[in-house]
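K.L.:
need coordinates for the following:
(4 chains)
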2 protein chains.
Amino acid sequence: MSASTTPTLEQQWLDQLAQAGYRPTAARRVVIEIVLNTCRALEPLEIFTLARRQHPKLGLVTVYRTLETLEALGLVQRVHQPGGCNIYLRAFEGHQHLLICTACGRAVFFEGDDLSALMERAARQSGFVVHDHWLQLFGTCAECRAAQSAPLPA
Amino acid sequence: MSASTTPTLEQQWLDQLAQAGYRPTAARRVVIEIVLNTCRALEPLEIFTLARRQHPKLGLVTVYRTLETLEALGLVQRVHQPGGCNIYLRAFEGHQHLLICTACGRAVFFEGDDLSALMERAARQSGFVVHDHWLQLFGTCAECRAAQSAPLPA
DNA sequence: GATGATAATGAAAATCTTTTTCAATTATAG
DNA sequence: CTATAATTGAAAAAGATTTTCATTATCATC
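P.N.:
Okay, here's the model as predicted:
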């Protein structure tokens, strides 16, 4: 192993936890691994179920607690969807917006922060000072469109 | 009372309920009145508490059911905020976006649908077909800013 | 490596929110 | 008024999340 190997994302997250005074436990490793390897937002219970395959004595409470910690560190974010708002997705750097496939749940990020004109106009109209904004797009991803138009034969 | 009086909003909502086959009951009237007279999104339990002042034997279940019905008719909408996602606000016509005061909860609507360029770009980048979008702004309203800068004397 | 201090865990219980069930009540059409 | 069907409210059930607490795992120090 060369000394200059780039650490994996999982290791980077564990390092961030360590810097913040949290210990790198087996439970946290498993939750982190699942969040990093899934391209859609997951419910705590889903994470728990997946995680138990690798770490059978994991408790659901620990999943809740780990997600809370990761969210506080800005590593995961809570996603809001019509079907529920307690699902978690890894967070990305900078201000990015989400595009979610309503068929499979896949979430992709995109940049596009030319909302300033819109926000200024809203502020002027309303008398508010605008601090923050949420933008989310919903659609169908290429894979799901393909699956719809070419269903598997009986 | 002249025959050409514009019906109140409450009456318009009750008419819409009637057209959809729902009966104008006391419970529904009270819930509607509260939603129409509040400028911020309310939780079911808040509506229940307020409504019981006028209609003491109202049940919380009925509040849930009434909100569900009003949402199905497009008269109220569920609002998503960092502090919770089960709060309801009257819906407005057309596609409008919300601006919410993070201090007092006041919600105002604004139009501003020049997001098409942004959505097209996101679609191109991602390969998604975009169906829908959510945009919400968060800020501080004029009243809350005034209250912050001029606190009441001891 | 041992060891003591402290963080973290998991099971159970407690809390809260929302939904379901069902008998009693209320509104409506006739 | 009366029959019919929708609506209601109370209680119970179901789910999701949080709290409690004894046990276990990690870390810094020896």
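K.L.:
contacts and neighbour counts: CA atoms only from here.
P.N.:
Fine.
K.L.:
can you map out the helices along chain A?
P.N.:
With helices called from DSSP state H, chain A shows them at A:9-19, A:26-36, A:44-54, A:60-72, A:116-126, A:142-149.
K.L.:
partners of the top strand by length along chain A in the sheet?
P.N.:
If you go by DSSP state E, chain A has its longest strand at strand A:129-140. Note on strand A:129-140: by DSSP bridges, its sheet partners are strand A:97-101 (parallel), strand B:129-140 (antiparallel).
K.L.:
that one: which residues count as buried?
P.N.:
Across strand A:129-140, burial judged by 16 or more other Cα atoms under 10 Å in any protein chain shown covers A:129-130, A:133-134, A:136-140.
K.L.:
with stretch A:50-65 instead?
P.N.:
Quick answer for stretch A:50-65 (16+ other Cα under 10 Å): A:51-52, A:55, A:58, A:60, A:63-64.
K.L.:
what's the farthest-apart pair in these?
P.N.:
Spatial extent of the buried residues of stretch A:50-65 (Cα to Cα) is set by the pair A:55 and A:64 at 15.5 Å.
K.L.:
does stretch A:27-37 reach DNA strand C?
P.N.:
Yes - for stretch A:27-37 and DNA strand C, the contact criterion (Cα under 7 Å from any atom of the strand) is met by A:27-28.
K.L.:
put the alpha carbons of that stretch into PDB.
P.N.:
Presented in PDB, the C-alpha positions along stretch A:27-37 are these (Å, rounded to 0.1, in the frame of the first residue of the first chain):
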ATOM      1  CA  ALA A  27     -22.300   0.100  13.500                       C
ATOM      2  CA  ARG A  28     -21.400   3.500  12.000                       C
ATOM      3  CA  ARG A  29     -19.200   1.900   9.400                       C
ATOM      4  CA  VAL A  30     -22.000  -0.300   8.100                       C
ATOM      5  CA  VAL A  31     -24.500   2.600   8.000                       C
ATOM      6  CA  ILE A  32     -22.000   4.800   6.200                       C
ATOM      7  CA  GLU A  33     -21.200   2.100   3.700                       C
ATOM      8  CA  ILE A  34     -24.900   1.600   2.800                       C
ATOM      9  CA  VAL A  35     -25.600   5.300   2.400                       C
ATOM     10  CA  LEU A  36     -22.500   5.700   0.200                       C
ATOM     11  CA  ASN A  37     -23.400   2.800  -2.000                       C
END
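K.L.:
buried sites along it?
P.N.:
For stretch A:27-37, using 16+ other Cα under 10 Å, the buried residues are A:27-32, A:34-36.
K.L.:
include pLDDT when you put the residues you listed into CSV, please.
P.N.:
Shown next, in CSV, are these (pLDDT from 0 to 100):
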residue, pLDDT
A:27, 98
A:28, 98
A:29, 98
A:30, 98
A:31, 98
A:32, 98
A:34, 98
A:35, 98
A:36, 98
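K.L.:
so which of the residues you listed comes closest to residue A:80?
P.N.:
Minimum distance to residue A:80 across those is 16.6 Å, recorded for residue A:35 (Cα to Cα).
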